[in-house]
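# 3D model of this:
(chains A and B)
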There are 2 protein chains.
Amino acid sequence: MPNGKLKTTPRTKLVRNPKRAEYDRDVVNEIIDATPLCHVSYIIDGRPYVTPTLQWREGSTIYWHGSSASRFLRQIVDQEVCMAITHFDGLVLARSAFHHSINYRSVMLFGQASKIGDAEKDQLLHSFVDNLIPGRWENLRPMSSKEAKATTVFSMPIDEGSAKVRTGPPVDDDEDYSLPIWAGVLPITQVLQPPEPDPKNPAGLEVPAHVRDFKLG
Amino acid sequence: MPNGKLKTTPRTKLVRNPKRAEYDRDVVNEIIDATPLCHVSYIIDGRPYVTPTLQWREGSTIYWHGSSASRFLRQIVDQEVCMAITHFDGLVLARSAFHHSINYRSVMLFGQASKIGDAEKDQLLHSFVDNLIPGRWENLRPMSSKEAKATTVFSMPIDEGSAKVRTGPPVDDDEDYSLPIWAGVLPITQVLQPPEPDPKNPAGLEVPAHVRDFKLG
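Just a heads-up that it's a prediction; the model follows:
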């Protein structure tokens, strides 16, 4: 169903038109940074696949990682991929079925996936953990070289893509506003619940500041 | 990073092995029914794309809809697509970076997208609205034939796919459990917030039962 207050940044080379691109880039970055979850689309033997994974951004590069044994990651080396990052912010209830919609923020990025070499990988995995849970890395048992080897990191420049954002109440046909039909928004938010300690934690271990202070997005 | 308590249903023809398939189908259906949001992957000119949209299930068929003018929907008629439905349920904090993970429920479905003909479409749009917001349809201004024409519905049989579910605390290396590192889960849930009435609603209109009683999933 069509969108009401929809702001779209057209698919664009985000680096070309400097003025427009900087606006686009801010919108895109904000949507990317608000969740680690993304969906990566790729092709195997001429067929489309989509896999959910975790991403993080550093400047104008987006990264994701996974097991070195993953078919998905072995397949996409130097291949074209499309990544979507989507926030589902609410149901929009209009006076007609047709004008029902959802509030959302979404980004689509296009580009070629590059596998990160060993020299850069350790630093990136450190950044990933601290990006996901700030302050976590320094509290951890150090990563072994075997673990680093079992992990693959990919990058893609954030230079081609688009963003779509819909906010606010429904937009109905003029003549429908006088109907006695309740219209509005059912907002949906992602909420962090209280930390659940591992039952195997040593007795007396307190929730550390970096866990207590963690915020989504 | 690898998964701890991960249950996977392998990619399978969900109709073949009746005993196994029925278990798979229950897991898959439960994940599908818990959110309308999905990501559909498809190919245009040899390049992968992924688009977020809303899905609903009736029996062993999955449906999604959109504007008849959408490039995405014009492109996928009778084409192979892959659909992902993903719930991000929490961050899993382990004693090592390597064993960090997320709790999640996800489904990947594979198949050919069929465009629904006009004869079936009206009934399906009715089902869609009542599936998304039970009781909504009967309160709405009826759909016009122009609106139905502007909307396209697609279907795909739910007969090839897989589910992955990770729950519970981290699974660490045996020797790491004695380390004084807080480990556990930061649970994340999608929460419905109080309804926000459209400021343009007629004065005195109360929140109807189907809105007040709405539940996510």
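
# which strand residues bridge residue A:115?
For residue A:115, the beta-bridge partners under DSSP bridges are residue A:154.

# my read: residue A:80 touches residue A:156, true?
No. Using C-beta atoms under 8 Å, residue A:80 is not in contact with residue A:156; the gap is 9.9 Å. C-betas here are computed from N, CA, C, even on glycine.

# and these two? which has more neighbours close in?
The neighbour comparison of residue A:80 against residue A:156 (other C-beta atoms under 10 Å in any protein chain shown) goes to residue A:156, with 24 against 16.

# quick check, residue A:55 in contact with residue A:38.
Yes. Residue A:55 is within contact range of residue A:38, at 4.3 Å (criterion: C-beta under 8 Å).

# quick check: neighbours shared by the two?
A:64, A:83, A:85 (C-beta atoms under 8 Å, 6 or more residues apart in numbering or on different chains).

# what about the first one, how many residues nearby?
Using other C-beta under 10 Å, residue A:64 has 24 other residues around it.

# who touches it in this structure?
Taking C-beta under 8 Å, 6+ apart, we find residue A:64 in contact with A:38, A:40, A:53, A:54, A:55, A:56, A:83, A:153, A:154.

# tell me the bridge partners for it.
Here residue A:64, judged by DSSP bridges, has bridge partners residue A:55, residue A:154.

# for it, report the pLDDT, please.
Note on residue A:64: pLDDT of 97.

# same check, this time on the last one
At residue A:85, the predicted lDDT confidence score is 98.

# shouldn't it be in contact with residue A:31?
Yes. The pair residue A:85 and residue A:31 qualifies as a contact (C-beta under 8 Å) at a distance of 5.8 Å.

# which residues do these two both contact?
Residues within reach of residue A:85 and of residue A:31 at once, by C-beta under 8 Å, 6+ apart, are A:106, A:107.

# neighbour-wise, which of these two wins?
Set residue A:85 next to residue A:31 and count neighbours by other C-beta under 10 Å: residue A:85 wins out with 25 against 20.

# just the element for that one, please.
strand A:80-93 (DSSP states H and E).

# quick check, that strand touching chain B?
Yes. Legend: contact between strand A:80-93 and chain B by C-beta under 8 Å from any C-beta of the partner chain is shown at A:80, A:81, A:82, A:83, A:84, A:86, A:88, A:90, A:91, A:93.

# neighbour-wise, which of these leads?
When neighbours are taken as other C-beta under 10 Å, the top entry among these is residue A:93 (30 neighbours).

# and that residue, what are its bridge partners?
With DSSP bridges as the criterion, residue A:93 is bridged to residue A:184.

# swap in residue A:50?
Residues in beta-bridge contact with residue A:50 (DSSP bridges): residue A:41.

# who's in contact with it?
Applying C-beta under 8 Å, 6+ apart, we find residue A:50 in contact with A:39, A:40, A:41, A:42, B:39, B:40, B:41, B:50, B:82, B:83, B:84, B:108.

# 7 Å instead, please
For residue A:50, the contact set (C-beta atoms under 7 Å, 6 or more residues apart in numbering or on different chains) comprises A:39, A:40, A:41, B:39, B:41, B:50, B:82, B:84.

# ok, back up a step: which one of the shared contacts of residue A:55 and residue A:38 is nearest to chain B?
residue A:83 (7.4 Å; C-beta to the nearest C-beta).

# the closest one and residue A:40 touch, don't they?
Yes. Using C-beta atoms under 7 Å, residue A:83 makes contact with residue A:40 at a distance of 5.1 Å.

# wouldn't residue A:98 be in contact with residue B:147 here?
Yes. With contact defined as C-beta under 7 Å, residue A:98 counts as touching residue B:147 (4.0 Å).

# rewinding a little: and the strand holding residue A:85, what does it pack against?
The contact analysis (3 or more C-beta pairs under 7 Å, 6 or more residues apart in numbering or on different chains; DSSP states H and E) places strand A:80-93 against helix A:18-33, strand A:37-44, strand A:101-112, strand A:184-192, strand B:37-44, strand B:47-58.

# wait, which of the ones you listed is closest to residue A:73?
Across those, residue A:73 has its closest neighbour in strand A:37-44 (9.5 Å, C-beta to C-beta).
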